[in-house]
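>>> what would the 3D arrangement of this be:
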Amino acid sequence: VWWRRHALRNIYERVARGEMIAQRHVDKLTETAIEAPLRNAVIAVQALHAVRPNESDWRKAVYKKNRGKERAPVRAQIVGLTFTEKVPGLQLVHWLEEQVQQERSPLVRLIMAGISQRIPIEHRWNVASQLAQSDFAEEDRNLALMIWYGLEPLVEAYPERAMALALSGIHPFLSESIARRAVSANALSVVLDAIQSNKRSARISHNLDGILKALPSQATMPAGWPKVYRILRNHQDQSVRKGAFRLAHRLGDKNAESEMVKRVLDVTVPTEERKELFQLLTSSASPLLGKNIVSLLSDPELGLEAIRAMAVFPQTDSASKLLKLFASSKDSERRSTVLEALVSRQEYADALVAALFTGKIARSDIPAYIARQLAVVSSQGSTFAKNWGLNESDAHEKTKLLDSWKKRLSEEVLATANPVAGKLVFERSCGTCHQLYGEGMQIGPDLTGSNRANLDYFLINVLFPSEDVSPAFKLVTLTLSDGRTLTGNIINE
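Next comes the predicted model:
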């Protein structure tokens with residue numbers, strides 16, 4: 001290795017001094033690049049480039065004779081060294097076009113993709129499109145990205161040709177990226193026309209993903225959309241049908257909205273599709289879905305989603321309907337979902353507080369986290385907090401309460417405790433927020449490793465749960481412009 005490196009350095013130094021290298025040495029280097037083992041062949045190519053950088057004869061001969069799979073590093077070296085100029089000449093571009101058509105090595109294609117980014121846009125299409133159409137593994141993200149970097153400016157320059165390429169069965173990432181770039185270049189109509197003309201393409205779903213990533217949350221519906229929608233809506237591929245619904249929703253298509261609501265209400269439609277359409281319509285506060293939301297409260301598949309959506313579609317009797325649903329339901333998850341809906345808007349929270357004060361709902365039915373949200377959301381929050389015992393500001397009262405409970409919970413009393421009954425209390429009052437040995441919710445900290453054996457620690461955290469709360473678990477309440485109230489932990493910002 002040492003001798004090869006120093007010999008190569010010596011050649012570069014001699015060429016730099018203006019010394020001419022004899023043709024017999026060039027012939028010997030060419031022979032080495034063709035016949036020698038891989039490492040020696042690569043060094044020979046580097047030496048040939050040093051002594052004859054502008055001659056194409058040796059390049060063509062060596063490239064042609066190194067076609068084997070195992071000789072790909074030699075071809076990669078030739079391509080990389082040939083295109084050292086910032087802007088390749090037209091003759092070199094034509095040579096590269098010929099090699100791209102025949103090349104199968106991912107390594108060499110990667111080098112070619114990098115070079116394509118330096119070719120002037122007016123001469124780049126053949127190289128870039130052939131690389132995009134080359135067969136390579138979907139998981140080869142590096143090659144896909146390098147090809148895309150060369151292809152990206154061509155999409156805006158030639159949107160029709162680019163969309164024909166996007167629908168031709170190329171790598172899914174490239175197909176999606178072309179559609180996304182075309183839409184961002186205000187060529188949505190071109191994209192839709194291409195989809196209409198290639199309705200049997202296997203890449204339509206990827207094109208729809210690209211469109212949705214580029215479109216704003218509310219976009220103007222193009223004139224040709226209804227015709228394209230009918231094609232997509234009846235497509236045999238379920239992912240295309242889903243994408244059609246999402247795009248129609250983004251474009252504000254009222255006819256499509258009506259069809260989506262019908263499918264949500266149709267119990268014969270697959271549950272997964274009904275839920276996805278329901279979420280789409282809820283995210284845009286669809287008035288048509290709002291008119292039918294009450295009919296979905298008793299739906300066995302969408303009932304819980306409908307209860308949560310009552311916050312988005314408030315009606316004059318929504319609170320009373322939710323309270324009746326809570327009273328008639330025996331399912332714990334359903335009852336919890338109703339309570340969460342009742343603290344999602346101020347008018348709902350006021351109705352729940354009134355039901356608690358009048359005894360229509362038992363105090364034992366309200367988990368601690370719901371009570372704390374009521375104290376924040378309801379217009380009667382301060383009164384509720386006082387009656388509920390949520391006021392923890394008086395230090396003297398805290399001390400008295402702690403002392404009284406420590407006296408009541410003597411060692412003799414603790415020895416007679418019933419663990420089975422305690423587990424039921426945890427599930428009803430604590431498990432709605434905390435986990436213990438893998439059971440319960442993950443809203444608050446996991447209590448498995450807490451210092452529960454220490455009576456002081458235990459009492460402080462039970463009697464005054466907000467005394468010491470980690471910032472990661474502090475509840476944050478947001479009141480939205482539409483009247484909804486969201487309460488939870490901030491996961492990230």
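>>> and the residue lying closest to residue 402 once chain neighbours are set aside, what does it touch?
In this structure, residue 402 finds its nearest non-sequential neighbour in residue 459, 5.7 Å apart by CB to CB, 6 or more residues apart in numbering. Placement of C-beta: from N, CA and C, glycine included. By CB atoms under 8 Å, 6 or more residues apart in numbering, the contact list for residue 459 reads 402, 405, 406, 409.
>>> do you know the pLDDT at the third one?
Per-residue confidence (pLDDT) for residue 406: 79.
>>> whichever strand or helix holds it: what's the following helix or strand?
In this assignment (DSSP states H and E), residue 406 forms part of helix 395-408. Once the chain leaves helix 395-408, the next helix or strand it forms, by DSSP H and E, is helix 411-415.
>>> could you export that following helix as PDB, CA atoms only?
The C-alpha trace of helix 411-415 is given here as PDB (Å, rounded to 0.1, in the frame of the first residue of the first chain):
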ATOM      1  CA  GLU A 411     -49.400   0.400  63.100                       C
ATOM      2  CA  GLU A 412     -52.200  -1.700  64.600                       C
ATOM      3  CA  VAL A 413     -54.700  -0.300  62.100                       C
ATOM      4  CA  LEU A 414     -52.400  -0.700  59.100                       C
ATOM      5  CA  ALA A 415     -51.800  -4.300  60.100                       C
END
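>>> any idea which residue sits dead centre in this structure?
residue 213 (10.6 Å; CA atoms, centre = their mean).
>>> is it true that that one touches residue 178?
No - if you go by CB atoms under 8 Å, residue 213 and residue 178 don't touch, sitting 11.9 Å apart.
>>> returning to what we had before: tell me the confidence at the residue nearest to residue 402?
For residue 459, pLDDT reads 76.
>>> distance check, it against residue 12.
81 Å (CB to CB, to the nearest Å).
>>> on that earlier part again, how much space between the residue nearest to the centre of the chain and residue 151?
Taking CB to CB, one finds residue 213 at 17 Å from residue 151.
>>> also residue 333?
50 Å.
>>> between the two, who's got more neighbours?
Taking other CB atoms under 10 Å, residue 333 and residue 151 do not tie; residue 151 has more neighbours (27 against 9).
>>> correct me if wrong: that one contacts residue 133.
No - the criterion here is CB under 8 Å, and residue 151 misses it with residue 133 at 10.9 Å.
>>> okay, now the nearest residue to residue 338 once chain neighbours are set aside: neighbour count?
Spatial nearest neighbour of residue 338, chain neighbours left out: residue 326 (4.4 Å); criterion: CB to CB, 6+ apart. By the criterion of other CB under 10 Å, residue 326 has 22 neighbours.
>>> shouldn't residue 485 be within a helix?
No - read with DSSP: H, G, I helix; E, B strand; the rest coil, residue 485 is strand and lies in no helix.
>>> correct me, but it touches residue 346?
Yes - at 6.9 Å, residue 485 counts as touching residue 346 under the criterion of CB under 8 Å.
>>> what do those two both touch?
residue 377.
>>> show residues contacting the top helix by length along the chain.
In the chain, with assignment by DSSP state H, the single longest helix is helix 141-157. Helix 141-157 is contacted by residues 106, 109-110, 113-114, 116-117, 119, 121, 124-125, 127-129, 131-132, 136, 161-162, 171, 173-174, 177-178, 181-182, 185, 187 when judged by CB under 8 Å, 6+ apart.
>>> can you give me the helices in the stretch 151-300 of the chain?
159-166, 172-184, 188-197, 204-214, 225-233, 238-250, 254-265, 271-283, 287-292 (DSSP state H, counting those that start in this stretch).
>>> out of those, nearest to residue 5?
Relative to residue 5, the nearest member of those by CB to CB is helix 172-184, separated by 39.2 Å.
>>> extract the C-alpha set from that closest one and format it as PDB.
These are the backbone C-alpha positions of helix 172-184, laid out as PDB (Å, rounded to 0.1, in the frame of the first residue of the first chain):
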ATOM      1  CA  PRO A 172     -42.200   5.300  -4.000                       C
ATOM      2  CA  PHE A 173     -40.200   8.100  -2.400                       C
ATOM      3  CA  LEU A 174     -39.400   9.600  -5.800                       C
ATOM      4  CA  SER A 175     -43.000   9.300  -6.900                       C
ATOM      5  CA  GLU A 176     -44.300  11.000  -3.800                       C
ATOM      6  CA  SER A 177     -41.600  13.700  -3.900                       C
ATOM      7  CA  ILE A 178     -42.300  14.600  -7.500                       C
ATOM      8  CA  ALA A 179     -46.000  15.100  -6.800                       C
ATOM      9  CA  ARG A 180     -45.200  17.200  -3.700                       C
ATOM     10  CA  ARG A 181     -42.800  19.400  -5.600                       C
ATOM     11  CA  ALA A 182     -45.200  19.900  -8.500                       C
ATOM     12  CA  VAL A 183     -48.000  21.000  -6.100                       C
ATOM     13  CA  SER A 184     -45.700  23.400  -4.300                       C
END
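>>> give me the number of residues near residue 249?
20.
>>> buried ones from the contacts of residue 459, can you make that a PyMOL selection?
Buried members of those, defined by 16 or more other CB atoms under 10 Å, are picked up in PyMOL with:
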select buried, resi 402
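>>> and which of the contacts of residue 459 is nearest residue 265?
residue 405 (53.2 Å).
>>> roughly how far apart are the closest one and residue 375?
Residue 405 is 22 Å from residue 375, by CB to CB.
>>> over to residue 457?
25 Å.
>>> same check, this time on residue 223
53 Å.
>>> okay, these two: which has more neighbours?
Taking other CB under 10 Å, residue 223 and residue 375 do not tie; residue 375 has more neighbours (21 against 8).
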